[in-house]
Each structure stands twice: as C-alpha cells, then as structure tokens.
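Student: sequence below, structure please.
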Amino acid sequence: MPISLTTLPAWLVDLWPHVTAAVILAITISASVHALLVKRDTRSAIGWVGLIWLSPVFGAFLYWIFGVNRIHSRASQLKADAVKVSKELVSVAPDETRLADAIGPPAAPMRSLEALVRRITQQTLVDDNRITPLDGGDAAYPVMLEAIATAQRSVALSSYIFDRDPTGKMFVDALAAASRRGVEVRVLIDGIGVSYSLPSILTLLERAGVRSALFLPTSVPIYFPYANLRNHRKILVVDGRVGFTGGLNIRHSCRLSENPRHPVRDLHFRIEGPVTAQLLQVFVEDWAFATEEQLTGPAWDADLSPATNGDAGILARGIRYGPDDPDVGRIRLVLAGALAAAQRSVRVMTPYFLPDDAVCQALDVAAMRGVEVDIVLPGENNLTMVNWASTAMLWQVLERGCRVWKTPPPFDHSKLMVVDRTWTLLGSGNWDERSMRLNFEFNVECYDRHLAAGLDDMIVERIAQSRRVSLAEVDGRRLPVRLRDGIARLFSPYL
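Tutor: Have a look, this model is predicted:
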C-alpha cells in the first residue's frame, strides 16, 4: 500500500525537513565550490554563485546544464587516443635573415608580435605560402568547386552553415563526384548551423554517398542563433595541398550576382603552401571530436611543398581557439599584442563587435598613442540584439579616438584585421565574447606587406563608402532606445 506521512514514525516526519535542507545546502555548496575553482572570469564566477544561492537547486541545475564546460575534458580524451596530424614544419620555417627581411630586425614591434603568437599558439610560423583574397561567394565558390573537382586524394570540408539551396546543392554534386572517383571525402557541419535551412543538407549528402557528420548536434527544436559551443570554423582542404578559410558559409545568399533575398557580403581566402597543414590538422581533430574516427594514411597527409616557385612567399601561421583550449581567451592575447605592436594604423572589419573591456582598452590605448584605429561595422545587422548591444558600448572606443564606420547594405559579414599595412589576421572569428570564448574558431596570421597593403586598401575603399558614427550620435539616442540597447548589452557575453 502507498506510504503516506501519517504512516511514518513521528521522529522521521520531524526529521524530513532537516534532511531536505541539508541536501539542498550540500548541492548549493558543491556547485558554488565548483564555480569558484573552475570559472577564471570573475564576473562569470560571481554571476553563477549568485544564481546558485539565490535560486537553490534550480540555480545549481542551470549551472550544471549551462555552466560546466564538458568540451575540454571530452576533447582531451579524444586527442589522447588520436594520432595527431602534425608534420615537421621546422624545415619550412623562416630563418633569421628571412624574418628580418619580412618582419624587421629583432627589436622591431612585429618581431615581438611574432614571438608572442608563437608562444600562445605553440605553432610554427611557416614560409613559402600564397594567399589569395576572394571577394564573396561569386569569387570564392567557383574556385572552391574547381578544387574539389580536381581532388585526387582527399577533401575535408567544415562549415558552420551549409544550406540546402542551389549553392549548397552545387557543393553536394561536386563532393559526390569526388567520392565516386575514390577520393576520401569528409564533411563536418555544425549542429545548429545545419538547421538554418530545413530540411537540412545532411539528407542530400547521405543520399549522395558523402561521409558527413554534425558537430555537437542539438536537441533545441527551434532556430537558436545564440546557442553556445558551436563550430564556427570554415575550412576546406583538398589533397592536403590547397586550403580555403575565412568568413564564408555555404549558402545562396552569399552570391550577390544572383540577387538573393537576404544578400550577404563576405570575404574568403585561397591558401597554398605549408600553412595548409595547420588547417588540415584542425579539421582532423574536429572530425575525431565529432565522430571518433581518426583520419590517417596517405590520403590525409599534408603537402609541405612551397607554393611560390622560388619567389618570396608569405609567412603565415594558423591560430585555432575555442572552449576546449586550456587557456581559453588566447585570441584576446593575440589581439592585444597586435594592437600594442601597431605604430601607424589598425583597420578592423567585423560583423559583430562586442569585445570585453580589456580589448576595448587595448583599442583605446592604440588610438591614444596616435595610431589610426578604424573599426568597420555593417550598417544593417542580421542579428538585431547584437546591433543594439554593440551600439550601447561604442562610446568606449569613440571616446578615446577610435573611428567607427557603418557600411551600406548588403549586410557585410567580412572578418579582417590589418596592422601597419604589414600584418593581417583573417579567418572565422568575430570581435565578440561568443567568438573569443564560446565558439570553435580558426584564424590565420600573415606577415606580408603586399597582402596587407592590398587588404588595407580594400578596407579604406569600403570606408569611403561608409558613414562615420560619432560619439554625439551615440550619446544622443532617445531614452527608450538607450534603455533597450543597455538591456541588450547585459546579454553581450552570450550574443
């Protein structure tokens, strides 16, 4: 028969509230201790501990679901068993004479930046690379499809968004044709990015016989653009010899010549040379993380041959970062180092600008030293709350002399940083907390005056078409608008 409180001994009924309180207290203390020991960001630790104590049990439950980083432990376990795709890059690293010619003497600011990034990333700076900018999907997609069509050994493709639209179907056809030729093909799509188009492209890839997988599949039944721990990297490597990376997803809206309903302007890069090995290494690790399949053998060997036929190529290095890193926030150090090394100019293009106070201060210090600091943002943003939150914090950089520009439509998704027309940072990362802490990203730093000058000129041309944002404009927003933007900014660590 069912047990009720009336059938229990009186002493047990009296004791039950105390037992419940003790269990709740133990849960609260355990969750708080974990947050204090694990959360390195003081604001994050304060926020979680406050929630845990103010909402007993419920706060601890939320912390267990959303606050505990399980990515690092899972990634470490897989990497411990995986065969690393690492090549001996010392043979293609620049010597002292080459460094002095390309970057400057040992005391030059760019030499200190190179040493900083080497120490942060533990990756070798490699020589003899060729990097070609590709303006949007109209320029990039045909070159990418041609590379897939000529593949002989392997094709590794990772994309945050891979839409089921005419452009996505073109890539499915090319990947399927390569697979039928006997090429090893692997396609990795983010678990939320795949749902930007429904039905997803995954069923077409499976029907075509293309090996594909989702990175951290989500059970969220609705479109959720602010979800955490996403693989935001955009990487294509063919035969370990030619690679592509940048901000470009695979979707029809990036082909402006087709007059899409929601046009997106973007920038991508074709990469040849030894640095392609670092792109391939990141893909292989991500694939093992998602599927536990280790990509080994000749098909997945990187080609370290120079891409410049004896001419001086580009010095480049891959920078991977994400929530699985032991030193989460490494990209902040790279950005701070680049801003500290700047002597004349800094140009930044990003669709989402929500950096933390430390990065804002680094921008401000550069501007106050007399460096020209230009931040180029889209005039129309595809994420409304991000635009509100970004506007609420622009005073932090405008007040100290940075210049902010808003580009005309279409929405500009380009991600780029150029320092002193010498150093370039390109890739998938945005200037927001999501990219710097919560997403898996991949950038490439390049030391080459010709490449940097060309990209700097491109940004200056974009600025000429843009509208400058003034501090008076930001401060002059109506009170309801300022309140709206201020509330949105409270969520900036998660936007």
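
Student: so where does A367 fall, helix or strand?
Tutor: Assigned by DSSP states H and E, A367 falls within helix 357-368.

Student: now that helix, how far from the centre of its chain.
Tutor: Taking the mean of its C-alpha atoms, helix 357-368 sits 21 Å from the chain's own mean (C-alpha atoms, centre = their mean, to the nearest Å).

Student: by mean pLDDT, flag the weakest helix or strand of the chain.
Tutor: Ranking every helix and strand in the chain by mean pLDDT, DSSP states H and E puts helix 71-81 at the bottom, with a mean of 48.

Student: hang on, the earlier thing: could you give the mean pLDDT of the very next helix or strand once past the helix holding A367?
Tutor: Counting by DSSP H and E, the element after helix 357-368 in chain order, helix or strand, is strand 372-378. Confidence for strand 372-378, expressed as mean pLDDT, is 98.

Student: before we move on, the earlier item: would you mark the buried spots in the helix holding A367?
Tutor: For helix 357-368, burial by neighbour count (16 or more other C-beta atoms under 10 Å) applies to V359, C360, Q361, A362, L363, D364, V365, A366, A367. To be clear about C-beta, it is placed using only N, CA and C from the backbone, and glycine gets the same treatment.

Student: for stretch 436-456, same thing?
Tutor: In stretch 436-456, counting by 16+ other C-beta under 10 Å, buried: 436-448, 451-452, 455-456.

Student: end-to-end on that stretch?
Tutor: Using C-alpha to C-alpha, to the nearest Å, one end of stretch 436-456 lies 24 Å from the other.

Student: the lengthiest strand in the chain packs against which elements?
Tutor: Longest strand in the chain by number of residues (criterion: DSSP state E): strand 126-135. Contacts defined by 3 or more C-beta pairs under 8 Å, 6 or more residues apart in numbering; DSSP states H and E place strand 126-135 against strand 267-272, helix 276-291, strand 314-321, strand 441-447, helix 449-464.

Student: any idea which of those gets closest to R230?
Tutor: Nearest to R230, of all the helices and strands packed on strand 126-135, is strand 441-447, at 9.7 Å by C-beta to C-beta.

Student: direction included, what does that closest one pair against?
Tutor: Paired with strand 441-447 in the same sheet, following DSSP bridges, are strand 314-321 (antiparallel), strand 423-427 (antiparallel).

Student: and these, which is most packed in?
Tutor: Highest mean neighbour count among those (mean count of other C-beta atoms under 10 Å): strand 423-427, with a mean of 26.

Student: now find how far off-centre that one is within its chain.
Tutor: For strand 423-427, the distance to the chain centre is 13 Å (C-alpha atoms, centre = their mean).

Student: let me see the residues that make contact with that strand.
Tutor: 110, 113, 131, 245-247, 267, 269, 319, 334-335, 338, 341, 415-418, 441-448, 451-452, 455 (C-beta atoms under 8 Å, 6 or more residues apart in numbering).

Student: repeat that for stretch 333-346.
Tutor: Stretch 333-346 is contacted from outside by 109-110, 112-113, 116-117, 120, 319, 358-359, 362-363, 365-366, 371-374, 417-421, 423, 425, 431, 443, 445, 456, using C-beta under 8 Å, 6+ apart.

Student: burial count for R241?
Tutor: R241: 23 surrounding residues under other C-beta atoms under 10 Å.

Student: doesn't E399 make contact with L363?
Tutor: No: counting by C-beta atoms under 8 Å, E399 is not a contact partner of L363; they are 11.1 Å apart.

Student: pull the longest helix from this structure.
Tutor: helix 10-38 (DSSP state H).

Student: check which helices and strands that helix is in contact with.
Tutor: Checked by 3+ C-beta pairs under 8 Å, 6+ apart, helix 10-38 has helix 42-54, helix 58-62 packed alongside it.

Student: what angle do it and helix 42-54 make?
Tutor: 170 degrees (axes from the mean of the first three to the mean of the last three C-alpha atoms, to 10 degrees).

Student: mean confidence for helix 10-38?
Tutor: Mean predicted lDDT for helix 10-38 stands at 75.
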